[in-house]
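Engineer: Sequence unavailable; structure follows:
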Ligand SMILES: Nc1ncnc2c1ncn2[C@@H]1O[C@H](COP(=O)(O)OP(=O)(O)OP(=O)(O)O)[C@@H](O)[C@H]1O
């Protein structure tokens, strides 16, 4: 059995979580295949990629959560400060229970799944506060009401007495953000936290999530499909493809000058700021492979305009680029200056 607390490895003190060779498998095949990356203290790290890339299962593994029936290996280690590192892969339930809500919290897509239907929102928040801080009922209730105020819930003292089903979807997600951040954790993992909301609310709720994590001093790992959200809310980005690292680095750099053809393809598929009449969006042709039908080499090779024989046979490992980013592609140096052209099926201007 793996040790629960392990000697600190030599990592930079600004690293909160180090993920090394993470593998998550199901009966249907491997969903995450040897993923390594760091989450730094206080940063917003976006995890992007098409459906099935393994974003959700990776995000949950950062909290030590393993889906039923899954096998998990590798290492997810949470670092100090001032405490021994905690290994989350293979951790016992008690270790995880001590972590959740205290040092790490989840904001899921569906707020209802995070809230109990049989307790008022205020009671649930107060219970979360009491479990960590050992305050009296009265003090914990006051902290809960203040937390609801901080997430923009008007008339918070009264609203605290309502049940989750009496809240609108947006208010419920605000309450979940209050719950996740009230104990000032070091890590918040948010899995598509606004997908279930009306489009006009999404920006506000994301702003709030980032602001509350910032106020708590928490790193935020934000799973999203939306490169627009990455651009507006994240510091760094991890691009995943078929359970592997495709590219990672600072958002401004990755989204301005991608190194991986896959990132370039995702960017090329974004609607342009000023659409030209008759312009067709470039798209990555085909679909990602499913875990039961992974090709032998780079999983993106069948869709990649740059792929050669080596790509089709040899798995690319992440390598550091001249500008200190990481890319997993044999041919990243060959990516042209305007890579969108590679994915342009047909451009017509009226
Ligand atoms: N509980 C499960 N049982 C079996 N397979 C699963 C389970 N959860 C995830 N998978 C598989 O693992 C792979 C990765 O799933 P995951 O949900 O992490 O992808 P994702 O990138 O988050 O996709 P999406 O954006 O659609 O949520 C998929 O092929 C999925 O079918």
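Structural biologist: Perfect, thanks for sending it. If you're wondering where the values come from, they're calculated on a predicted model, not measured in any experiment. Numbers count the residues shown, from 1 in each chain.
Engineer: Can you tell me which residues in the stretch 51-200 of the chain are near the ligand?
Structural biologist: Near the ligand, the residues belonging to the stretch 51-200 of the chain are 51, 52, 53, 54, 55, 56, 57, 67, 69 when assessed by C-beta under 6 Å from any ligand atom. For the C-beta atoms, the positions are set from N, CA and C on the backbone; glycine is no exception.
Engineer: Narrow those residues to those that are buried.
Structural biologist: Listed as buried from those are 52, 53, 54, 55, 56, 57; burial here means 16 or more other C-beta atoms under 10 Å.
Engineer: ok, and the closest non-adjacent residue to residue 209?
Structural biologist: Once flanking residues are discounted, residue 209 sits nearest to residue 177: 5.4 Å by C-beta to C-beta, 6 or more residues apart in numbering.
Engineer: related to what we said a few turns ago, with pLDDT and secondary structure as added columns, please give the buried ones among the residues of the stretch 51-200 of the chain next to the ligand in CSV.
Structural biologist: Shown next, in CSV, are these (pLDDT from 0 to 100; DSSP: H, G, I helix; E, B strand; the rest coil):
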residue, pLDDT, secondary structure
52, 92, coil
53, 95, coil
54, 96, coil
55, 96, helix
56, 96, helix
57, 96, helix
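Engineer: Quick one: low-confidence residue ranges for the chain.
Structural biologist: In the predicted model, the chain carries pLDDT under 70 at residues 1-12, 272-282, 344-350.
Engineer: In space, what's closest to the residue in the stretch 201-350 of the chain that the ligand sits nearest to - neighbours in sequence excluded?
Structural biologist: Closest contact between the stretch 201-350 of the chain and the ligand, by C-beta to the nearest ligand atom, is at residue 291 (4.8 Å). Spatial nearest neighbour of residue 291, excluding adjacent residues (C-beta to C-beta, 6+ apart): residue 29 at 3.1 Å.
Engineer: hey, what's the one you found bridged with?
Structural biologist: In this entry, residue 29 is beta-bridged to residue 26, by DSSP bridges.
Engineer: I'd say it and residue 299 touch.
Structural biologist: No: applying C-beta atoms under 8 Å as the test, residue 29 and residue 299 come out as separate, 11.6 Å apart.
Engineer: Between these two, which has more neighbouring residues?
Structural biologist: Comparing residue 29 with residue 299 by other C-beta atoms under 10 Å, the one with more neighbours is residue 299, at 24 against 14.
Engineer: Tell me which helix or strand that one sits in.
Structural biologist: According to DSSP states H and E, residue 299 maps onto no helix or strand at all.
Engineer: Need the nearest residue in space to it, chain neighbours excluded.
Structural biologist: residue 242 (3.6 Å).
Engineer: distance of the one you found from residue 330?
Structural biologist: According to C-beta to C-beta, to the nearest Å, residue 242 stands 16 Å off from residue 330.
Engineer: Touching the helix or strand where residue 124 lies from outside, list them.
Structural biologist: Following DSSP H and E, the helix or strand that holds residue 124 is helix 121-133. For helix 121-133, contacts defined as C-beta atoms under 8 Å, 6 or more residues apart in numbering pick out 101-102, 115-116, 119, 135, 137, 140-141, 143-145, 147-148, 159-164, 167, 175, 178-179, 182-183.
Engineer: where does residue 67 fall, helix, sheet strand or coil?
Structural biologist: Following DSSP: H, G, I helix; E, B strand; the rest coil, residue 67 is assigned to coil.
Engineer: Wasn't residue 238 part of a helix?
Structural biologist: No: if the criterion is three-state DSSP, then residue 238 is strand and not within a helix.
Engineer: Bridge partners for it, pull those for me.
Structural biologist: Beta-bridge partners recorded for residue 238 (DSSP bridges): residue 47, residue 248.
Engineer: Does it touch residue 40 like I think?
Structural biologist: No: the pair residue 238 and residue 40 does not pass the contact test of C-beta under 8 Å, sitting 12.0 Å apart.
Engineer: more neighbours, those two?
Structural biologist: Just comparing residue 238 and residue 40: by other C-beta under 10 Å the higher neighbour count belongs to residue 238, 27 against 16.
Engineer: picking that back up, quick check on the residue nearest to residue 299: phi, psi?
Structural biologist: The phi and psi values for residue 242, taken as degrees, to the nearest 10, are phi 50, psi 50.
Engineer: before we move on, back to that, how about the residue nearest to residue 209, what does it touch?
Structural biologist: Counting by C-beta under 8 Å, 6+ apart, residue 177 makes contact with 107, 151, 193, 205, 208, 209, 212.
Engineer: please redo it, this time with the cut-off set to 7 Å
Structural biologist: Taking C-beta atoms under 7 Å, 6 or more residues apart in numbering, we find residue 177 in contact with 107, 151, 208, 209, 212.
Engineer: what's the burial count for the third one?
Structural biologist: Using other C-beta under 10 Å, residue 208 has 20 neighbouring residues.
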